[in-house]
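Engineer: A predicted structure for the sequence below; I have some questions about it.
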Amino acid sequence: KLIPIFFSILTLILIYLLMKEFYNERVAILSVVLLGLNYTYLFYSRIALPFIPMIFFIVLSIFFFCKGKQRSFYYFISGFSVFLAFLFHPFALFFIPAGLITSLYWLRSRKKDVFIYISGFLIFFVFLTLFFYLPYFEQIKSNYIIHDTLISSSHLIPSTLVRMGSNMINVFSSNNIFLLSPIIFILGFFYLFTNKSKNEFVFFMKNWLIWGSLLVSLYAYKPMRYYVFLIIPLTILTVLYLDNLGNNKKYNNWLLLLFSGIISLAVVNRFLFPLLDTNILKILFSLIFVFAVFFITLTILKIKLNDYDKKYLFLFIVLSILIIQITHYVIWVGNREYSIGYISDDLEKVLNQDDRVIGDASELLFDKKIKTVKIHYIDDNSIDRYNATHVLFVEKFQTQLKDSDKIKNGELIRTYELKYLGKIMLYKLK
């Protein structure tokens with residue numbers, strides 16, 4: 001579960017190298033600060049979900065695309081990186097039109113390189129289709145997740161343009177990404193519509209934001225994890241806006257000071273929640289964290305640093321973000337009685353390798369030698385479909401199970417009370 005942390009750090013390093021190449025080291029360092037300390041990005045960097053590795057391979061694709069001017073083979077690696085991103089999560093499909101439009105625009109006089117770039121993805125995707133999708137097409141099509149979510153459910157794929165428009169509005173007014181990073185959100189989209197793309201990197205970022213927003217507008221069901229990949233282009237475009245502001249001599253130091261404070265609050269606003277707590281240590285930590293981000297942001301925007309100082313500042317920031325992420329992870333799994341690790345070990349004591357567990361909390365057993373299936377909606381049909389012997393679920397997310405005959409006839413053998421999630425319950429079925 002530490003793997004996403006290292007993917008997130010590698011993503012920050014790639015962002016730094018790209019911003020440094022196309023702009024300057026000040027912009028590169030500021031990008032690392034605002035992205036690495038963004039609460040949403042930081043939160044999902046410590047969870048074993050496929051979105052952070054997907055983001056890494058998308059950024060890696062952009063990195064090699066921008067290197068393609070040196071050697072055409074880099075375009076092939078760029079396309080292959082998109083394929084690897086797709087393997088982690090199908091959301092990476094949004095990058096196909098983004099990459100295609102960018103390659104056709106920036107490589108319009110070099111059609112051979114466009115072909116190389118497209119083939120890097122297409123060759124492996126065709127191979128995957130021929131040897132995986134087609135032989136198991138009926139099973140994939142009849143899979144309850146595919147059927148319930150893509151065909152019969154109102155959660156996904158709007159039936160009309162009006163529905164899609166409604167979903168798109170929800171992207172911009174969602175209580176997820178907008179309220180978590182409001183200033184980043186506003187400045188990112190402001191730069192998108194008011195500034196021309198000066199290079200292929202910015203062109204990629206704009207297409208990423210446009211096509212990514214269109215993708216999530218297909219979904220009425222939008223958990224926060226669906227938005228994570230939009231944080232990257234929003235942050236990059238915000239940094240470019242701030243860079244323009246910092247280079248404009250009309251704006252004095254007080255305005256830069258104000259913007260540094262606003263951006264700091266925008267990045268770490270979720271870290272301010274402990275200020276409402278009565279615990280003096282939590283309050284102190286929150287204040288220190290906010291002022292630290294504020295000072296770093298102001299320093300990068302205004303103070304001139306030599307090359308030697310910039311390199312060490314970048315190294316210090318990356319290591320600090322890594323320490324914060326690992327610390328978050330350790331706190332997340334290390335509180336014994338209510339920790340993920342403790343629950344996972346305790347579940348292993350009451351289950352054996354012949355059991356088959358399904359539920360929305362089944363990832364607690366992913367590192368154990370027990371057959372598990374994670375599903376978000378549990379009913380008697382899904383229990384029968386997977387021949388489940390046990391159901392492991394979060395009570396407040398599965399209220400429909402109150403009417404389940406199998407749960408009523410089953411035996412509750414474990415209950416774990418968590419502070420924010422509520423009860424995690426394990427039922428043995430008869």
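Structural biologist: Now that the structure is in, tell me what you want to look at.
Engineer: Would you enumerate the residues in contact with Thr415?
Structural biologist: Residues near Thr415 by Cβ atoms under 8 Å, 6 or more residues apart in numbering: 423-426. Using the backbone N, CA and C atoms, a C-beta is placed for each residue, glycine as well.
Engineer: Just send these back as a markdown table, with neighbour count, secondary structure and pLDDT too.
Structural biologist: Output for the contacts of Thr415, formatted as a markdown table (neighbours: other Cβ atoms under 10 Å; DSSP: H, G, I helix; E, B strand; the rest coil; pLDDT from 0 to 100):
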| residue | neighbour count | secondary structure | pLDDT |
| --- | --- | --- | --- |
| Lys423 | 12 | strand | 86 |
| Ile424 | 21 | strand | 88 |
| Met425 | 20 | strand | 89 |
| Leu426 | 24 | strand | 92 |
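Engineer: between those, which is nearest Val27?
Structural biologist: Set against Val27, the nearest of the contacts of Thr415 by Cβ to Cβ is Ile424 (44.3 Å).
Engineer: wait, the closest one sits on Val394?
Structural biologist: Yes. Using Cβ atoms under 8 Å, Ile424 is in contact with Val394, at 5.6 Å.
Engineer: Buried residues, the strand or helix carrying Tyr416. List them.
Structural biologist: Per DSSP states H and E: Tyr416 is located in strand 411-418. Of the residues in strand 411-418, 414, 416 count as buried by neighbour count, 16 or more other Cβ atoms under 10 Å.
Engineer: avg pLDDT for that strand?
Structural biologist: On average, the pLDDT along strand 411-418 is 86.
Engineer: Mean pLDDT per helix and strand in this structure: which one sits at the bottom?
Structural biologist: helix 144-146 (a mean of 43; mean pLDDT, DSSP states H and E).
Engineer: Closest one to Glu21 out of the contacts of Thr415, please.
Structural biologist: Ile424 (46.8 Å).
Engineer: Leu365 versus the closest one, what's the distance?
Structural biologist: Per Cβ to Cβ, to the nearest Å, Ile424 is found 12 Å from Leu365.
Engineer: shared neighbours, those two?
Structural biologist: Joint contacts of Ile424 and Leu365 (Cβ under 8 Å, 6+ apart) are Leu392.
Engineer: Pull out the C-alpha coordinates of the helix or strand Trp211 falls within and format them as PDB.
Structural biologist: Assigned by DSSP H and E, Trp211 falls within helix 200-216. Below are the C-alpha coordinates for helix 200-216, written out as PDB (Å, rounded to 0.1, in the frame of the first residue of the first chain):
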ATOM      1  CA  GLU A 200       2.900  21.200 -26.200                       C
ATOM      2  CA  PHE A 201       3.100  20.700 -22.400                       C
ATOM      3  CA  VAL A 202       0.500  23.400 -21.700                       C
ATOM      4  CA  PHE A 203      -1.500  22.200 -24.700                       C
ATOM      5  CA  PHE A 204      -1.600  18.700 -23.100                       C
ATOM      6  CA  MET A 205      -2.600  20.200 -19.700                       C
ATOM      7  CA  LYS A 206      -5.500  22.100 -21.300                       C
ATOM      8  CA  ASN A 207      -6.700  19.100 -23.200                       C
ATOM      9  CA  TRP A 208      -6.300  17.000 -20.000                       C
ATOM     10  CA  LEU A 209      -8.600  19.300 -18.100                       C
ATOM     11  CA  ILE A 210     -11.200  19.600 -21.000                       C
ATOM     12  CA  TRP A 211     -11.400  15.900 -21.800                       C
ATOM     13  CA  GLY A 212     -11.100  14.800 -18.200                       C
ATOM     14  CA  SER A 213     -14.000  17.100 -17.300                       C
ATOM     15  CA  LEU A 214     -16.100  15.700 -20.100                       C
ATOM     16  CA  LEU A 215     -15.300  12.200 -18.900                       C
ATOM     17  CA  VAL A 216     -16.500  12.800 -15.400                       C
END
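Engineer: Done for today, thanks.
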